[in-house]
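Undergrad: got a sequence here, can you model it:
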Amino acid sequence: MKKYFLIISLLILSLFSCSKEEGEGGRSSISGKVHMTDVTGGNQGEYDAPDYDVYIIYGDQDDIYDDDMKTNYDGTFEFKNLREGKYKVYAYTSDPSKTSGISPVFKSIEIGKNEEGSVGTIEVEK
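TA: Here you go, the predicted model:
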């Protein structure tokens, strides 16, 4: 009898101690669009940026990206199969004041279970 009580107690403790962190494995998604303002030479103008790199950070514990993707032909993107939680989505923009010449444009969002969240439009320059 003690053996069964111990096993059941351990199972109950393991169920309550398992908390899912942000990241893959859920049914939620985050979408958005990247809009480019081209301020270089002869190709000046504005357009939705196709084939542009977008990054996502799971949670708010660090600033190292966990996944990335390219935008579609119309500048849209969607990170799928996410768990509920906090996320940061970003793309790089031209920034002459930085040594690297670029800086990130962050958008933060918190999503729930089975939710389709949107970060709206990320404005970048070339």
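
Undergrad: for this structure, just list every one of the strands.
TA: Taking DSSP state E as the criterion, the chain carries its strands at 24-38, 45-48, 53-58, 67-70, 76-82, 85-94, 102-111, 116-125.

Undergrad: who does the residue lying closest to Asp51 once chain neighbours are set aside form a beta bridge with?
TA: Spatial nearest neighbour of Asp51, excluding adjacent residues (C-beta to C-beta, 6 or more residues apart in numbering): Lys70 at 5.1 Å. Every residue, glycine included, has its C-beta placed from N, CA and C. Beta bridges link Lys70 to Asp53 when assigned by DSSP bridges.

Undergrad: wait, Asn114 touches Ser29, no?
TA: No - using C-beta atoms under 8 Å, Asn114 is not in contact with Ser29, being 9.5 Å away.

Undergrad: out of the two, which sits in the busier spot?
TA: Ser29 (16 against 10; other C-beta atoms under 10 Å).

Undergrad: correct me, but that one touches Glu116?
TA: Yes - the criterion here is C-beta under 8 Å, and Ser29 meets it with Glu116 at 5.2 Å.

Undergrad: any low-confidence regions in the protein?
TA: Applying pLDDT under 70 to the chain picks out residues 1-20, 41-43.
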